[in-house]
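Asker: fold the following and give me the result.
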Amino acid sequence: MADYVLAIDQGTTSSRAIIFDKAGSIISTGQLEHEQIMTQAGWVEHDALEIWGNVREVIGQALGKANLTRHDVASIGITNQRETAVVWNRNTGVPVYNAIVWQDTRTQDIVDRLAADGGVERFKQKVGLPLATYFSGTKIVWILENVPGAREAADAGELMFGTTDSWVLWNLTGGVNGGVHATDVTNASRTLFMDLETLAWDEEILSVFGVPASMLPEIRSSSEVYGYASENSLLRETPIAGILGDQQAATFGQAAFEAGEAKNTYGTGNFLIFNTGEEIVHSQNGLLTTVGYKLGDDPVHYALEGSIAVTGSLVQWMRDNLGIIESAADIEALANTVDDNGGAYFVPAFSGLFAPHWRADARGALVGLTRYVNKGHIARAALEAIAFQTREVIDAVNADSGVPLTELKVDGGATANNTLLQFQADILNVPVVRPVVAETTALGAAYAAGLAVGFWSGLDDLAKNWQEDERWEPNMESGERERLYRNWKKAVTKTLDWVDEDVK
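Answerer: Numbering: from 1, shown residues only. Coordinates of the predicted model:
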């Protein structure tokens with residue numbers, strides 16, 4: 001019997017293949033970064049063909065490092081950057097345009113046009129989301145309206161849309177030679193098109209957007225066999241049996257299966273997900289209502305989500321655009337050259353502000369500067385910005401749920417930064433807990449895929465795998481905590497109303 005499950009983690013900055021054993025431990029990893037294509041302010045694109053090529057290569061890396069073959073792999077799970085939109089020709093397999101990334105803000109005019117009748121919450125009761133550039137629906141509209149020939153091809157039934165899970169699944173199962181065009185409920189819930197109650201594409205909304213239903217993938221559960229890897233794959237004949245959007249996958253990997261459980265992922269952005277069980281909870285405090293997971297024919301689980309656009313990518317920006325650090329890991333040492341932020345606050349509204357503000361007119365601001373401030377203070381302000389934004393969404397979750405979180409489970413690349421996690425505990429005044437396996441996004445996809453083929457017997461099996469690695473207890477005085485947070489909220493106000501019609 002096969003002893004492992006392989007997860008494909010198609011993320012915002014890289015694609016990875018990670019092989020897990022039954023205990024949820026990592027056996028091997030393959031990883032390749034892909035280009036971030038930014039030709040204009042607010043535009044962020046990826047080359048979908050580069051991504052697919054990288055996915056194929058990292059599968060080979062992971063298998064090679066562990067000296068394994070397809071016979072050792074019981075099933076494949078896929079997790080992905082959720083709202084990034086790929087549109088491709090079903091006959092050639094070639095994208096008609098680069099993938100438009102979730103961070104991209106070019107569709108604000110489309111958002112404004114759709115919101116002219118009913119406001120940004122026009123469809124929120126049905127789909128759980130406000131109209132915003134973040135979600136993939138408006139990105140499809142932009143491609144249809146701006147890529148020559150795209151509208152005609154779509155109307156003729158020649159184009160397919162998918163978030164990157166669908167793109168990887170279609171290619172992995174054969175592409176133009178019988179590839180499976182499907183997605184799961186968690187990714188479908190990020191398009192602006194799926195009815196949260198029926199779990200089906202909403203024909204009325206599609207009509208308003210002008211998107212042909214023929215473009216869309218079939219909506220399936222998060223854990224079932226969708227198809228099998230094609231003959232030209234190293235994993236040929238292996239079932240692809242799990243799909244979860246990256247943040248839902250991280251929640252699943254953290255074993256937050258029940259109502260009231262939550263996690264916060266520190267990646268390119270930060271994403272807090274709070275499990276509301278089988279109940280759809282509509283936020284009154286700027287959060288999104290989304291699908292948490294659905295296992296086969298079992299009832300769907302819903303969640304509230306606080307989505308923060310720029311956290312880890314702020315550190316990346318300081319490395320690549322400013323050059324004040326050589327690697328992302330260097331920011332902790334630089335921040336620790338000073339005792340505090342020196343009065344500086346960094347609000348990284350590079351793509352506007354997401355939860356809980358939803359202000360597309362905001363832009364980044366570094367405020368409170370004096371001649372005393374040095375690069376160490378700026379590095380500390382960047383780390384603190386991650387924690388401050390997290391507090392904002394946790395305050396919103398506490399208000400919506402009426403049950404304050406008593407501890408925060410965390411995962412993602414930035415959780416290697418102990419200085420950040422101590423400040424996070426301090427500013428929240430609750431313990432912060434990191435698991436032994438911090439790669440919970442890939443682990444969640446592996447869990448979903450393994451459950452579908454009987455590799456794991458049930459959720460109890462998965463919960464037993466979760467182990468605490470380290471815990472940070474708050475030790476900041478309440479007066480200092482509230483002073484810092486008050487100044488942060490003041491700094492946020494300085495980012496608003498920046499974008500006028502003639503300012504991009």
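
Asker: how deep is the closest residue to residue 137 other than its chain neighbours tucked in, by neighbour count?
Answerer: Once its chain neighbours are removed from consideration, residue 137 has its nearest residue in residue 192; the separation is 3.5 Å (Cβ to Cβ, 6 or more residues apart in numbering). Every residue, glycine included, has its C-beta placed from N, CA and C. In terms of burial, residue 192 registers 31 neighbours under the definition other Cβ atoms under 10 Å.

Asker: three-state assignment of residue 192?
Answerer: The local conformation at residue 192, judged by DSSP: H, G, I helix; E, B strand; the rest coil, is coil.

Asker: and it, what does it touch?
Answerer: Taking Cβ atoms under 8 Å, 6 or more residues apart in numbering as the contact definition, residue 192 lies against 123, 127, 129, 131, 135, 136, 137, 138, 205, 209.

Asker: gap between the closest residue to the second one other than its chain neighbours and residue 141?
Answerer: What it means is residue 127. Counting by Cβ to Cβ, 6+ apart, residue 192 is the residue found nearest to residue 127 once chain neighbours are left out, at 5.6 Å. Using Cβ to Cβ, to the nearest Å, residue 192 is found at 10 Å from residue 141.

Asker: how close does the residue nearest to residue 127 sit to residue 213?
Answerer: Shown here: residue 192 relative to residue 213, a distance of 14 Å by Cβ to Cβ.

Asker: repeat that for residue 221.
Answerer: As it turns out, when the distance is counted by Cβ to Cβ, residue 221 lies 20 Å from residue 213.

Asker: just want to know which of these two has more residues nearby.
Answerer: A count of neighbours by other Cβ under 10 Å puts residue 221 above the other of residue 221 and residue 213, at 21 against 11.

Asker: wait, that one sits on residue 184?
Answerer: Yes - counting by Cβ atoms under 8 Å, residue 221 sits close enough to residue 184 to count as a contact (6.4 Å).

Asker: what do those two both touch?
Answerer: Common neighbours of residue 221 and residue 184, using Cβ under 8 Å, 6+ apart, are residue 294.

Asker: got a winner among the contacts of residue 192 for most neighbours?
Answerer: Highest neighbour count within the contacts of residue 192, by other Cβ under 10 Å: residue 137, with 30 neighbours.

Asker: can you give me the buried ones in the helix or strand where it lies?
Answerer: Take DSSP states H and E as the rule and residue 137 turns out to sit in helix 136-146. Buried residues in helix 136-146, counting neighbours by 16 or more other Cβ atoms under 10 Å, are found at 136, 137, 138, 139, 140, 141, 142, 143, 144.

Asker: separation between the fifth one and residue 191?
Answerer: Computed with Cβ to Cβ, the distance linking residue 140 and residue 191 is 8 Å.

Asker: likewise for the first one?
Answerer: According to Cβ to Cβ, residue 136 and residue 191 sit 5 Å apart.

Asker: do the same with residue 319
Answerer: Between residue 319 and residue 191 the distance, using Cβ to Cβ, works out to 32 Å.

Asker: more neighbours: which of the two?
Answerer: Taking other Cβ under 10 Å, residue 319 and residue 191 do not tie; residue 191 has more neighbours (31 against 17).

Asker: hey, C-alpha coordinates of the helix or strand encompassing residue 447 in CSV?
Answerer: Mapping residue 447 onto the secondary structure by DSSP H and E places it in helix 440-452. Taking Å, rounded to 0.1, in the frame of the first residue of the first chain, the C-alpha atoms of helix 440-452 are listed here in CSV:
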residue,chain,number,x,y,z
THR,A,440,-0.4,23.7,7.3
THR,A,441,-1.6,24.9,3.9
ALA,A,442,-0.1,22.0,2.0
LEU,A,443,-0.9,19.7,4.9
GLY,A,444,-4.6,20.6,4.7
ALA,A,445,-4.7,19.7,1.0
ALA,A,446,-3.0,16.4,1.8
TYR,A,447,-5.5,15.7,4.5
ALA,A,448,-8.5,16.3,2.1
ALA,A,449,-6.9,14.1,-0.5
GLY,A,450,-6.0,11.3,1.9
LEU,A,451,-9.5,11.2,3.5
ALA,A,452,-11.1,10.7,0.1
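
Asker: following the chain onward from it, which element is next?
Answerer: Counting by DSSP H and E, the next helix or strand C-terminal to helix 440-452 is helix 459-465.

Asker: export that next one as CSV, just CAs?
Answerer: Presented in CSV, the C-alpha positions along helix 459-465 are these (Å, rounded to 0.1, in the frame of the first residue of the first chain):
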residue,chain,number,x,y,z
LEU,A,459,-11.1,13.8,11.3
ASP,A,460,-10.2,12.3,14.6
ASP,A,461,-7.1,10.8,12.9
LEU,A,462,-6.1,14.2,11.7
ALA,A,463,-6.7,15.9,15.0
LYS,A,464,-4.3,13.5,16.7
ASN,A,465,-1.5,14.6,14.4
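
Asker: pLDDT averaged over the biggest helix by length in the chain, what's the number?
Answerer: Taking DSSP state H as the assignment, the helix of the chain that covers the most residues is helix 375-401. For helix 375-401, mean pLDDT rounds to 94.

Asker: and it, which residues are buried?
Answerer: Of all the residues in helix 375-401, those buried under the rule 16+ other Cβ under 10 Å are 376-397, 400-401.

Asker: picking that back up, give the residues shared as contacts by residue 136 and residue 191.
Answerer: Any residue near both residue 136 and residue 191 by Cβ under 8 Å, 6+ apart counts here, and that gives 83, 163.

Asker: for the stretch 1-150 of the chain, what spans make up the helices?
Answerer: In the stretch 1-150 of the chain, the segments counted as helices under DSSP state H, counting those that start in this stretch are 48-66, 108-115, 124-127, 136-146, 150-155.

Asker: among the ones you listed, which comes closest to residue 102?
Answerer: Across these, residue 102 has its closest neighbour in helix 136-146 (7.7 Å, Cβ to Cβ).

Asker: could you give the angle of that closest one to helix 108-115?
Answerer: Regarding helix 136-146 and helix 108-115, their directions subtend 110 degrees when assessed with axes from the mean of the first three to the mean of the last three Cα atoms, to 10 degrees.
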